[in-house]
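Asks: No letters, just coordinates:
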């Protein structure tokens, strides 16, 4: 019933294939984001006059590009640090990883929604929910891999595991709270994300040597 | 006339290149699926009122995204377990793999068709046929690689080979049968796929340690 | 003035990075081809009646997808067999490889042109010219790498080199000749390509063990 | 406070994952460029007559494709030579690399702008600024990695480091200067880039064995 991990000498190479597929999805998801910034359509005789303001009016798209690029990059860095000590895998880990990748590959859609209707509440909520769910899947992968020492090259310090699990639940919670904030102020909700990302980066840097 | 497999010490690395190319196609195919979920076009003064229902009305697209993501993930997992023991390759294996990748890269089209006209019979049939053909090519790769022990690091147990060949023929057969079902009920045909994927996952888990 | 090849123990890994980048371009180019097969736009009440013929009328797109998938696959197989013995590289090899990749990444455009206006002479000529140029760059890479034994793990048999150079010049020549054919018959020109690909596959199989 | 580099035996493999993700972004960015060359829309009865001139009138798109392909290729070659001696990494290096990739993935947008409005000043300025910023991030990565010998397998000759830093600041400076040129002549600004790329290639070749 329960899945047994691979223990053949090739397991490391197989782990690499999971990581490679994930990196492919990461790379494509962040690169597709730019397709949503479309060149404005202006009649030739008005280009000189109207292009500057048209390009400026695309700022919600630039912001969405920046925000999603940063968010997916953070996902990648966490995914990277979770998979580094993993040496073998089982079917459950594969399933969790695919669920996570399904969210990563989906990010361009809420990003486009935010770029088009970023001054409305619903797109902000959809965006926050997407990132919260993605982060929760990452936390689930971390929880699963650390609970199963057999998947790891060496077991991790319980204090470190606890720190990351707390962090991995707090951040999605803040994302979900920002949905509440969005009912009062859409701008404040978006600012919440940036502040949270910055604080998280500082906390992680203090906590970790790496 | 007959192709001879590579036996140089580099063969393993060359196998890796085939796997890498395949993983690239897998990663892009699943990430392109999101391009088919388009942001609805709503006049600014109606956004607050109409966006919720417009987003809900996209549900066939979300379903298509989910279904194709799962299907391609299952393809990847099978491809992964087929190629794991393969150490060398020959031209026939390359050809079969390219035919299979041609189907994987094609999946976004029937998915888009299903998302647009999912309540009609023809798109359901096209979708089922595409997955059936993809699965048959995978089975052909498996059959070819196990028939040629020289391609493998170690030969596989005949019972395991038989189990996988039966599974690899049964599943496309069910996909093709679901085309028949689709003439009576489009919804029932789609449900067939989900039930089959779930049953298959349970059977494989029972059968395999991995 | 002249470039000296890398001879550090890491050179093999660096070669891998060139190959990885190339494989990324190959994988994306073949997967983007499907974006050109667009779901037909039909009013809901006419779908049942008109969808079958609309899907059939997309046949030039399916043909273009198939043809370009096969062409890029053949490019990949040749690229693969050229780079297998290469152990180090120099700047010229990088330049030639980028020129070649520029053509590979360009293939979706002539494919779309052929899918849209495949019954006209110009798209057929553009398509044939693109593949001819791509093949010539591959031949240039082969010529350059075999002329510089220092790039290879072991030097190749002169007869093999000669065979591949002749093949690598003949095939682009036939592509260019098919442009001439296209002035008389567009269909005949397209058939020329298929026949040539088939004959080439047979000749290579006879000639090579691999 | 300060980040400590990884020194585990796996660090090399982890470095590879950063490089792989970067290569994915490079590969996708250069391959997406072709999506901006769109097949002209011509009524069937006019195709024979109008297609040739329509294809010729796309020349700013071909030029943009070529220019951006060359620019991203040059970025890749520099990125490649910067990361070759890097054996370990720290969080700052990851951040710098993601900022750089954010610019690489953005390149298709200014390219599309240039292809659409290449005879105007603003798109030329946006394009030059994008490449200048990308190049500056590359220089920052180089500066950071060479300043921290612990990241490198072996420390580099100070003269080489100085040469690359000067080059890595001069080129963005010329890109920024070309924005000034663009106020007088858009064509001259674009020519500046090509001349600079050519001179740079010659200088590098003279300076380096590789």
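Replies: Thanks, I have it. Note that the structure is predicted; figures quoted are calculated from it, not measured.

Asks: show me the contacts for residue A:165.
Replies: A:139, A:142, A:143 (CB atoms under 8 Å, 6 or more residues apart in numbering or on different chains). Bear in mind the C-beta positions are built from the backbone N, C-alpha and C, glycine included.

Asks: For the last one, which non-adjacent residue is spatially closest?
Replies: Excluding its sequence neighbours, the residue lying closest to residue A:143 (CB to CB, 6 or more residues apart in numbering or on different chains) is residue A:165, at 6.2 Å.

Asks: for the contacts of residue A:165, which one is nearest chain C?
Replies: In terms of CB to the nearest CB, no member of the contacts of residue A:165 lies closer to chain C than residue A:142, at 27.8 Å.

Asks: The closest one and chain D: what is the separation?
Replies: 17 Å (CB to the nearest CB, to the nearest Å).

Asks: Just give the closest residue to that residue, not the sequence neighbours.
Replies: Nearest to residue A:142 is residue A:82, by CB to CB, 6+ apart, at 5.0 Å.

Asks: any chance of the contacts of residue A:165 in CSV, plus neighbour count and pLDDT?
Replies: Shown next, in CSV, are the contacts of residue A:165 (neighbours: other CB atoms under 10 Å in any protein chain shown; pLDDT from 0 to 100):
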residue, neighbour count, pLDDT
A:139, 22, 94
A:142, 22, 92
A:143, 17, 91
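
Asks: Could you count how many residues lie near the residue in chain A that chain D sits nearest to?
Replies: Nearest to chain D, among the residues of chain A, is residue A:27, at 2.8 Å (CB to the nearest CB). Residue A:27 has 30 neighbouring residues, counting by other CB atoms under 10 Å in any protein chain shown.

Asks: Secondary structure of it: a helix, I assume?
Replies: Yes: counting by DSSP: H, G, I helix; E, B strand; the rest coil, residue A:27 is part of a helix.

Asks: Just to check, it is in contact with residue D:25?
Replies: Yes: the pair residue A:27 / residue D:25 is scored as a contact, 5.0 Å apart, by CB atoms under 8 Å.

Asks: In what element of secondary structure is residue A:194 found?
Replies: helix A:186-207 (DSSP states H and E).

Asks: re earlier: check the residue of chain A closest to chain D and give its pLDDT.
Replies: Listed pLDDT for residue A:27 reads 94.

Asks: quick one: contacts for it?
Replies: By CB under 8 Å, 6+ apart, the neighbours of residue A:27 are B:27, D:21, D:24, D:25, D:27, D:28.

Asks: separation between residue A:68 and residue B:40?
Replies: 19 Å (CB to CB, to the nearest Å).

Asks: So for those two, which sits in the more crowded spot?
Replies: Per other CB under 10 Å, whichever of residue A:68 and residue B:40 has more neighbours is residue A:68, with 25 against 15.

Asks: so where's chain A shaky on pLDDT?
Replies: A:1-14, A:208-210 (pLDDT under 70).

Asks: The nearest residue to residue A:73 once chain neighbours are set aside and residue A:49, how far apart?
Replies: Nearest residue to residue A:73, sequence neighbours excluded (CB to CB, 6+ apart): residue D:98, at 4.5 Å. Plainly put, residue D:98 is 37 Å away from residue A:49 if you go by CB to CB.

Asks: Look at the two and report which has more neighbours.
Replies: residue D:98 (22 against 10).

Asks: Would you enumerate the residues in contact with the more buried one?
Replies: Residue D:98 neighbours (CB under 8 Å, 6+ apart): A:69, A:70, A:73.

Asks: can you pull the contacts of the first one?
Replies: By CB under 8 Å, 6+ apart, the residues touching residue A:69 are A:30, A:33, D:98, D:102, D:105.

Asks: If you rank the residues you listed by neighbours, which is first?
Replies: Busiest of these [other CB under 10 Å] is residue A:30, holding 30 neighbours.

Asks: For residue A:79, see how far away that one is.
Replies: 13 Å.

Asks: Enumerate the residues of chain A near chain D.
Replies: For chain A, the contact set with chain D under CB under 8 Å from any CB of the partner chain comprises A:19-20, A:23-24, A:26-28, A:30-35, A:37, A:39, A:42, A:47-48, A:51-52, A:55, A:65-66, A:69-70, A:73, A:76-77, A:80, A:84, A:205-206, A:209-210.

Asks: and these, which are buried?
Replies: A:19-20, A:23-24, A:26-28, A:30-35, A:37, A:39, A:42, A:47, A:51, A:55, A:65, A:69-70, A:73, A:76-77, A:80, A:84, A:210 (16 or more other CB atoms under 10 Å in any protein chain shown).

Asks: For burial, what's the neighbour tally of residue A:25?
Replies: 26.

Asks: residue contacts, it?
Replies: Residue A:25 neighbours (CB under 8 Å, 6+ apart): A:101, A:104, A:105, B:27, B:30, B:31.

Asks: May I see the residues you listed organised as JSON lines, with secondary structure added?
Replies: Converted to JSON lines, the contacts of residue A:25 look like this (three-state DSSP):
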{"residue": "A:101", "secondary structure": "helix"}
{"residue": "A:104", "secondary structure": "helix"}
{"residue": "A:105", "secondary structure": "helix"}
{"residue": "B:27", "secondary structure": "helix"}
{"residue": "B:30", "secondary structure": "helix"}
{"residue": "B:31", "secondary structure": "helix"}
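
Asks: Identify, from the residues you listed, the entry nearest to chain C.
Replies: In terms of CB to the nearest CB, no member of those lies closer to chain C than residue B:27, at 7.8 Å.

Asks: Not counting its neighbours along the chain, what's nearest that closest one?
Replies: Nearest one to residue B:27, counting by CB to CB, 6+ apart, is residue A:24 at 2.8 Å.

Asks: which SSE is the one you found in?
Replies: Using DSSP H and E, residue A:24 falls in helix A:11-32.

Asks: swap in residue A:161?
Replies: Assessed by DSSP H and E, residue A:161 sits inside helix A:158-184.

Asks: Quick one: work out the angle between that helix and helix A:186-207.
Replies: 170 degrees (axes from the mean of the first three to the mean of the last three CA atoms, to 10 degrees).

Asks: any idea how far the residue lying farthest from the centre of chain A is from residue D:120?
Replies: The outermost residue of chain A relative to its centre, with distances by CA atoms, centre = their mean, is residue A:45 at 42.7 Å. Residue A:45 is 12 Å from residue D:120, where distance means CB to CB.

Asks: can you check residue A:168 too?
Replies: From residue A:168 over to residue D:120 (counting by CB to CB), the distance is 48 Å.

Asks: For chain B, give me its nearest residue in chain A.
Replies: For chain A, CB to the nearest CB, closest residue to chain B: residue A:24, 2.8 Å.

Asks: thinking that residue is in contact with residue B:24, fair?
Replies: Yes: look at residue A:24 against residue B:24 with CB under 8 Å: they come within range, at 5.9 Å.

Asks: follow-up on the earlier one: max pairwise distance over the contacts of residue A:27: which two?
Replies: Across the contacts of residue A:27, no pair lies farther apart than B:27 and D:25, at 12.5 Å, counting by CB to CB.

Asks: Tell me the residues of chain A that contact chain B?
Replies: Residues of chain A lying near chain B (CB under 8 Å from any CB): A:1, A:3-4, A:6, A:10, A:14, A:17, A:20-21, A:24-25, A:27-29, A:32, A:35, A:90-91, A:94, A:98, A:101-102, A:105-106, A:108-109, A:112-113, A:116-117, A:120-123, A:126.

Asks: let's see 7 Å
Replies: Counting by CB under 7 Å from any CB of the partner chain, chain A comes close to chain B at A:3-4, A:6, A:10, A:14, A:17, A:20-21, A:24-25, A:28-29, A:32, A:90-91, A:94, A:98, A:102, A:105-106, A:108-109, A:112-113, A:116-117, A:120, A:122.
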